[in-house]
Each structure stands twice: as structure tokens, then as C-alpha cells.
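Peer 1: dropping a prediction and its sequence here:
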Amino acid sequence: MSRPGTPEPALCVQGDSAAGTQDEDAADGTQHSHRMLSFSDALLSIIATVMILPVTHTKISPEQFDKSVQKLLATRIAVYLMTFLIVTVAWAAHTRLFQVVGKIDDTLALLNLACMMTITFLPFTFSLMVTFPEVPLGIFLFCMCVIAIGAVQALIVVYAFRFPHLLNPEIQGSAHRALYRRHVLHIVLRGPVLCLAAAGFSLFFYPASYLLMAMAVFLPYLSKAASWCRCRLLGPQEPPTPSIELFDLNRQEPLSKERVAAFSDGVYAIVATLLILDICEDNVPDAKDVDERFHGSLVAALRESGPRFLAYFGSFATVGLLWFAHHSLFLHVRKATQPMGLLNALSLAFVGGLPLAYQQTSAFARQPRDELARVRISCAIIFFASIFQFATWTAALLHGPETLQPSARFGGREHAFMFAKLALYPCTSLLAFASTCFLSRFSTAIFHLMQIAVPSAFLLLRLLVRLALALLQTLRGLARPARGAEEDVRAPLLPAPC
């Protein structure tokens, strides 16, 4: 309690101001979009991740393992990666859209729900496409879903610009609102237009459909690379006016760091959940089977599933530590650029493939060669998931003053540890992959024990990096007095000043 006459703290004034703003928004029928965006990010991350399920449930016969894996890698994983990235393109367009739209009303909320409903239909169309990759109907339905998502997002743009009080304050007072609207519509409709062409090609030449869908992912980066080459060849163009320059700056920063982190956390959380769902589905013994095969002993029945539990703990440790590395990375990131967004999406796409790695190594065939081949698949998935994390950090380093906190830049106190932390999983997965080639006794059990041991390696790594930095600092401290003593010896030889 404050004394009479004593002014209340500023925090209370700010809280009253925020509450007053919320009351005013409620009176106007509008509200902030934070909770709706959290819901949308969670739903999009779920949809992007569960599309791995048709791939993980692929039945692979032991006698035709090599042929099945070749088909799996050539079709289902490739299609999964492409469709995962298409979902991230829709999410990035949604992020860019709601950087412009600051508030929502009932109509916008319902339009966003319609967009989310269309997105939730994507896994079904993906299942058709991945099961029948050469049949036009699956490709056509998937493309039509993407087109419908773009159409609803375009409706959101048109509606929001029809009522400027829903826009961000900077755009409300801008004289170039039409330019902003045109640019946001270009971002929202770019992918759906390519998918419209892909739907048409699916009717008579389906390979072109896959190529056009892949272009929907990489077209912004190809356009940026073409602009860079044109600038290098033709020289810099005339500088734009200040208002257009601000617009171009916003175009180069389409992603919010907070929403990138939220979407990524959703993917990691869902991947971890899918692992335990597989355990619950496949490893709860049937009561009749326990009575007949194990004479009523539940312990004996569970003991038979021991390798699967070991695979679960190893896989969960991998998912958790990859998330921890991602968390550490974005703890030092100040903002996310377009290349960082693409590399992060590629990393998340392979993180989404970790349930496939778990399925491969937890239900391996009895033939040793097949067992090692399945371990190699898991090593490849973990390697790409982690190497794209490392590439994201490298892309951030290239624009260090803009994208990273000072402690993580070159020469910063966290730079060496971030390098070692993000390089640990690529090196570990390469070591495990090489072991399958040179050690005939290498097994899935050894692979999962390596996964479980990696958390200890994280702790040991930090200790070793700290010791190495302390040793370097000590050596530098010893070198400085030596140089100082050298200067004292040489000092009498110098002529005395007049």
C-alpha cells in the first residue's frame, strides 16, 4: 500500500493504459491478434509435422529392403519435404500478412478459421499424393487446397485494407497503403498461382506439377538471386524514395523472430509427441497375448519390447537436444532474415522426419545388413536436421551486427561454444554413419546408446570449451608480461630525451 499523496508506480499506469486500450478495442468490436496468431502457429506446425505419418507407416519387407528404401527415398521422403516446405511458405505468408494487420474483428477471425480449416485438409491430400504419386487426382487436390488457402488469405488482405483501423498504425497513416496491399497480395498469391499451373499440368504431365510446386518454395530466393546478379552486371539502380525504401526494407524481413521460434517449438513438441504415440500404439501388450504367450506375466511381455523403449529414449534425447540447440541459437538471434527462414524450414523438415528414423531403428529386420542400412537412414536424417541448424547460424554470422547479439558474433564470449554445440550432432551422426560402414558389429542398440550419451557430451563440451578459453586467456596473459620485460631491457639502449 502506498502512502496518501504518493504517486502510484509507472507500471500501474501502464497497466491501466493497456487495460483502457483493450476496453476501447472491445467497444469497437476489435481485438489484438496475438492469441489468434498463437493458435494459427500451433495448428500450422501440427499440420506440417503430421504429414510424416504416411511415410513412417510405410511397410518395408525384409527380403526387399534395399529396393523399398530406394523407392522410399526417391518418392515419399522427397514429396514430404516438398509439401512440408509448401506449408512453411503458407505460414510465412500468414506471418507477413499479420505484420500488416494489427487488429482483428469477428469477420477476420472467421476468415482466419476458414484458412486454418483448409490447411487441416492438407495431410489427407498429401496422403493421396504420396501413396499414388503418379495419379493426377492426389496432386490436383493438394494444389486446390493450396489455392484455397491463398484465396482466403487474399480475402483477409482485401478486407483489412477496406477498413484501415485494422491495420498497423504505421500503415494506417501511410500515403502508400495501396502499394502495401499490392505487395502483400503478391506474397500471398505467388505460391497459389504456381500451384494452379501445377494442377493443370497434373492432368497430362505430372512431373511438371512437382517442379512447379517446388518453384513455389524457392521462387522468392531465386528472384532475390536474380536481382543480385542483375545489380552486379548492370550496376546499382537509382536510389528509391524514402517511403519506398522503407517498404523494400520490410519486404526483406518477412519473418518475425518470435513467430519463427513459436512455429519451430510446435514442430519439435509434436515430433516428441509422435514418438510416444508410437510407443502407446505398438508396445501396450494385448491381454490375451500376455495370458497365452507369457503365462500372465506383464513384465515378461514388456521385456520383449525392450529394444523399442531404448529406441524411444534415444530418439527423444535427439529431439530434445536438437530443440535445445535451436533454442540456444535463437536466444542469440536478434531478427530472422529470409535465408535464415529457409534454412530453418529445411532443418524443421528433417526434424519432422525423426519419427521415421525411430520407426526404422526400433523395428529393424533380423538381417545384420538390413539393420545397418536402417541406422544409416536415421544418421542421414539427424545429420541434415542438425547441419541446417548450423547453416542457419552461419547465415546469421554473415550479417552479425544485424542478426546476432554481440556475445555470439565472431570473437564474442559465446561464439566458440555455439560453434561447438551446433557442430556436435553433425559430427556425431557422421561418426555413427561411418561406424556402420567399417564395424560389422555395430547395431541399433549401440546407435541408441550413443544418442542417450550425447547429453553428457553437451555438458562435457561446455566444460572443455571453457577450459580451452581459460587456457588461451592465461597464455595471452603470460605473453604480455614477457613483451613488457623485453621493452624494459631495450629501454636503456634508447637515447634519453632532451
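Peer 2: Cool, got the structure.
Peer 1: poorly predicted segments of this protein, please.
Peer 2: By pLDDT under 70, the weakly predicted segments of the chain are 1-30, 57-74, 235-255, 363-369, 480-498.
Peer 1: longest helix in it, please.
Peer 2: Criterion DSSP state H: the longest helix present in the chain is helix 444-490.
Peer 1: what residues does residue 46 make contact with?
Peer 2: Applying Cβ atoms under 8 Å, 6 or more residues apart in numbering to residue 46 gives the contacts 266, 270. In this view, the C-beta of every residue, glycine as well, is placed from N, C-alpha and C.
Peer 1: what values do phi and psi take at it?
Peer 2: Note on residue 46: its backbone torsions stand at phi -60, psi -50 [degrees, to the nearest 10].
Peer 1: just to revisit the earlier point, so what does the longest helix of the chain touch, helix or strand wise?
Peer 2: Secondary-structure packing of helix 444-490 (3 or more Cβ pairs under 8 Å, 6 or more residues apart in numbering; DSSP states H and E): helix 306-331, helix 354-362, helix 368-398, helix 415-438.
Peer 1: who wins for proximity to residue 214 among those helices?
Peer 2: The minimum distance between residue 214 and these falls on helix 368-398, with 17.1 Å, by Cβ to Cβ.
Peer 1: pull out the buried residues from the closest one.
Peer 2: 370-393, 395-397 (16 or more other Cβ atoms under 10 Å).
Peer 1: roughly how far does residue 280 sit from residue 264?
Peer 2: Using Cβ to Cβ, to the nearest Å, residue 280 is found at 25 Å from residue 264.
Peer 1: who has more neighbours, these two?
Peer 2: Applying other Cβ atoms under 10 Å to residue 280 and residue 264 shows that residue 264 carries more neighbours, namely 22 against 9.
Peer 1: right, and the helix or strand after the host helix or strand of the more buried one?
Peer 2: Using DSSP states H and E, the element containing residue 264 is helix 257-282. Where DSSP H and E defines the elements, the next helix or strand beyond helix 257-282 is helix 287-293.
Peer 1: residue 228: which of the helices and strands packed on helix 444-490 is closest?
Peer 2: Checked against Cβ to Cβ, the stretch from the helices and strands packed on helix 444-490 lying closest is helix 368-398, at 13.8 Å.
Peer 1: what packs against the closest one?
Peer 2: Helix 368-398 makes packing contacts with helix 65-71, helix 306-331, helix 338-351, helix 354-362, helix 415-438, helix 444-490 when contacts are defined by 3+ Cβ pairs under 8 Å, 6+ apart.
Peer 1: any idea which of those helices is most buried?
Peer 2: Across the helices and strands packed on helix 368-398, averaging neighbours per residue (mean count of other Cβ atoms under 10 Å) puts helix 354-362 on top, at a mean of 26.
Peer 1: returning to that earlier point: and the helices and strands packed on helix 368-398 as a markdown table, adding distance to residue 164?
Peer 2: Listed next are the helices and strands packed on helix 368-398 as a markdown table, based on distance: least, Cβ to Cβ, whole Å:
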| stretch | distance to residue 164 |
| --- | --- |
| helix 65-71 | 54 |
| helix 306-331 | 33 |
| helix 338-351 | 28 |
| helix 354-362 | 45 |
| helix 415-438 | 43 |
| helix 444-490 | 50 |
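Peer 1: figure out which of the ones you listed is closest to residue 212.
Peer 2: Taking Cβ to Cβ, helix 338-351 is the member of the helices and strands packed on helix 368-398 nearest to residue 212, at 18.3 Å.
Peer 1: elements contacting that closest one?
Peer 2: Helices and strands touching helix 338-351, by 3+ Cβ pairs under 8 Å, 6+ apart, are helix 77-100, helix 206-234, helix 257-282, helix 306-331, helix 368-398.
Peer 1: what's that helix in contact with?
Peer 2: Identification of contacts with helix 338-351 by Cβ under 8 Å, 6+ apart yields 48, 80-81, 84-85, 88, 92, 220-221, 224, 252-255, 260, 263-264, 267-268, 271, 319, 322, 326, 333, 336, 381-382, 384-386, 388-389, 391-392, 395-396, 403.
Peer 1: and that helix, how far from the chain's centre?
Peer 2: 5 Å (Cα atoms, centre = their mean, to the nearest Å).
Peer 1: wait, what's in contact with the closest residue to residue 168 other than its chain neighbours?
Peer 2: Excluding its sequence neighbours, the residue lying closest to residue 168 (Cβ to Cβ, 6 or more residues apart in numbering) is residue 102, at 4.2 Å. When contacts are counted by Cβ under 8 Å, 6+ apart, residue 102 touches 32-33, 166-169.
Peer 1: for those residues, which single residue is the most surrounded?
Peer 2: With neighbours taken as other Cβ under 10 Å, the top of the contacts of residue 102 is residue 166, carrying 22 neighbours.
Peer 1: which residues are in contact with that residue?
Peer 2: For residue 166, the contact set (Cβ under 8 Å, 6+ apart) comprises 30, 101-105, 108, 160.
Peer 1: how does it look with 10 Å?
Peer 2: By Cβ atoms under 10 Å, 6 or more residues apart in numbering, the residues touching residue 166 are 30, 33, 100-105, 107-108, 156, 159-160, 172.
Peer 1: and for residue 450?
Peer 2: Contact analysis of residue 450 by Cβ under 10 Å, 6+ apart lists 314, 317-318, 428-429, 431-432, 435, 442, 457.
Peer 1: can you give me the helices in the stretch 1-150 of the chain?
Peer 2: For the stretch 1-150 of the chain, the helices defined by DSSP state H, counting those that start in this stretch occupy 10-28, 34-50, 53-56, 65-71, 77-100, 106-120, 122-131, 136-162.
Peer 1: export those helices to a markdown table and tack on distance to residue 204?
Peer 2: Output for those, formatted as a markdown table (distance: least, Cβ to Cβ, whole Å):
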| stretch | distance to residue 204 |
| --- | --- |
| helix 10-28 | 52 |
| helix 34-50 | 30 |
| helix 53-56 | 26 |
| helix 65-71 | 24 |
| helix 77-100 | 20 |
| helix 106-120 | 26 |
| helix 122-131 | 17 |
| helix 136-162 | 8 |
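Peer 1: ok, which of those helices comes nearest residue 453?
Peer 2: Checking the helices of the stretch 1-150 of the chain against residue 453 by Cβ to Cβ gives helix 53-56 as the closest, at 25.0 Å.
Peer 1: since that was my last question, I'll sign off now.
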